[in-house]
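*Asks:* Give the three-dimensional model of this entry:
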Amino acid sequence: MNDTFLRACRGQKTEYTPVWLMRQAGRYLPEYQKVREKVDFLTLCKTPSLAAEVTIQPVDILKTDVAILFSDILIPVEAMGMKLEFSESKGPILYDPIRNDISVSRLRSIKPEEDVPFVMETIKILVGKLQVPLIGFSGAPFTLATYMIEGGSSKNFIATKRMMYQTPQLYAQLMEKITAVVIAYLQAQIDAGAHAVQIFDSWAGVLSPLDFERYALPYVKQLIASLRGDVPVIYFAFNAGSMLGLVKQSGAQVVGLDWRITLVDALGALGSDVAVQGNLDPCILFGTKELIKERVAGILKGASGAKGHIFNLGHGILPETPVENAIALVDAVHELSSR
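*Replies:* Numbering: from 1, shown residues only. Presented below is the predicted three-dimensional model:
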């Protein structure tokens, strides 16, 4: 197996910089669209043979150095007892949002092997087929809580922050339940064969540093400290470049970065004892191949002082992205970083 990604996560010497793209299994690929025409999104997530197929597609097409499990961060939330739907226009919808102690008490703990067995089955299929490492993943406790409290996406997160500020004990009860579920969920993925796991804190950036430290970070720390097995943990707190000193306290071996901070500044805040992942603006992939190569070179130069570096976008690849530009990105990283 090509273990370049795993060595970079651990800060070990690599022959080149490994690269993968968040949301690399998805709508920008015609091959994915053909599979998606047959089933709705949730059915695709829950059908191991199809989920494995679309996970492998970008590895074969783009030649990335790692695969990431095709799934969704809300899969364990549905297993906790919330009704989940995906709308083409509105995104995820969770019915009967969590707003009081009764709704918190109704949430179930989960046994991943029994409640979401399709996830573990997909991982086992992939481990048997892939020649690169596989990343499992989950949403971070705070990000999952926002969806559960708001009932979906939000602009201002008023319901979430109202619970945090007005009923902090209720918020803590909810977060403790979610954290326990995420620990079990990620541990089951590791036990099934995932070579690394990523924690997506997609909405961490809506918090002030004080609120991040008080209402989100303790649960991420507990989550990471509870995981067993010698697998790298990547923590990606989106839009949290101003809080990297706190993000570092999560205990993750790798910190994911968005494009709103230079790698030089990020490394200044993080120090030299964690690896970093990132951080090209996904919209650069709508530029020319010359521009893509230029920006790749800049990021590689900026990461030269890192303990380890995994090249990635600063957020998920966009559905409209030309496939040939994604291929050009991966080729540029491999070419320019070869040592």
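*Asks:* rest of the way, CA atoms for contacts and neighbours
*Replies:* OK.
*Asks:* residues contacting Phe86?
*Replies:* 41-42, 92-93 (CA atoms under 8 Å, 6 or more residues apart in numbering).
*Asks:* and of the residues you listed, the nearest to Ala328?
*Replies:* Phe41 (28.1 Å; CA to CA).
*Asks:* Now the closest one: closest residue in space that isn't a chain neighbour?
*Replies:* Excluding its sequence neighbours, the residue lying closest to Phe41 (CA to CA, 6 or more residues apart in numbering) is Phe86, at 7.5 Å.
*Asks:* in whichever helix or strand the one you found is part of, what counts as buried?
*Replies:* Using DSSP states H and E, Phe86 falls within strand 84-87. Going by neighbour count (16 or more other CA atoms under 10 Å), the buried part of strand 84-87 is 84-85.
*Asks:* Show me what the following helix or strand past that strand is packed against.
*Replies:* Note on strand 84-87: by DSSP H and E, the next helix or strand toward the C-terminus is strand 91-94. Under the contact criterion of 3 or more CA pairs under 8 Å, 6 or more residues apart in numbering; DSSP states H and E, strand 91-94 touches strand 84-87.
*Asks:* partner strands of the strand it packs on, parallel or antiparallel?
*Replies:* strand 91-94 (antiparallel) (DSSP bridges).
*Asks:* For the partner strand, which residues meet the burial criterion?
*Replies:* 92-94.
*Asks:* Now do stretch 139-147: everything it contacts.
*Replies:* In contact with stretch 139-147 (CA under 8 Å, 6+ apart) are residues 73-74, 77, 94, 152-153, 157, 160, 174-175, 178-179, 182, 199-204, 215-216, 219-220.
*Asks:* Give me the nearest residue to the residue nearest the centre of the chain, chain neighbours excluded.
*Replies:* Nearest residue to the geometric centre of the chain (CA atoms, centre = their mean): Phe200, 3.8 Å. Spatial nearest neighbour of Phe200, excluding adjacent residues (CA to CA, 6+ apart): Gly139 at 4.7 Å.
*Asks:* And Ser49, by the same measure?
*Replies:* Thr122 (6.9 Å).
*Asks:* still on that earlier bit, so for the residue nearest to Phe200, what's the pLDDT?
*Replies:* With respect to pLDDT, Gly139 has a value of 98.
*Asks:* got a list of contacts for stretch 253-261?
*Replies:* Contacts for stretch 253-261 (CA under 8 Å, 6+ apart): 9-10, 232-239, 241, 247-248, 274-281, 313-315.
*Asks:* Give me the subset of those residues lying in helices.
*Replies:* 9, 247-248 (DSSP state H).
*Asks:* Redo those as CSV? Include neighbour count and distance to Gln24.
*Replies:* What follows is the ones in helices among the contacts of stretch 253-261, written out as CSV (neighbours: other CA atoms under 10 Å; distance: CA to CA, whole Å):
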residue, neighbour count, distance to Gln24
Cys9, 25, 19
Val247, 26, 25
Lys248, 20, 26
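*Asks:* Output those residues in a markdown table; the columns should cover distance to Met164.
*Replies:* Shown next, in a markdown table, are these (distance: CA to CA, whole Å):
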| residue | distance to Met164 |
| --- | --- |
| Cys9 | 34 |
| Val247 | 20 |
| Lys248 | 23 |
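*Asks:* Please identify the helix or strand for Glu335.
*Replies:* helix 323-337.
*Asks:* counting contacts, what elements does that helix pack onto?
*Replies:* Packed next to helix 323-337, using 3+ CA pairs under 8 Å, 6+ apart, are helix 48-62, helix 289-302.
*Asks:* CA atoms of the least confident helix or strand in the chain by mean pLDDT as CSV?
*Replies:* Every helix and strand of the chain was ranked by mean pLDDT, DSSP states H and E. The lowest is strand 84-87, at a mean of 90. Output of strand 84-87 as CSV, limited to C-alpha atoms (Å, rounded to 0.1, in the frame of the first residue of the first chain):
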residue,chain,number,x,y,z
LEU,A,84,-33.3,13.1,8.2
GLU,A,85,-34.0,14.2,4.7
PHE,A,86,-31.9,15.8,2.0
SER,A,87,-33.4,18.5,-0.1
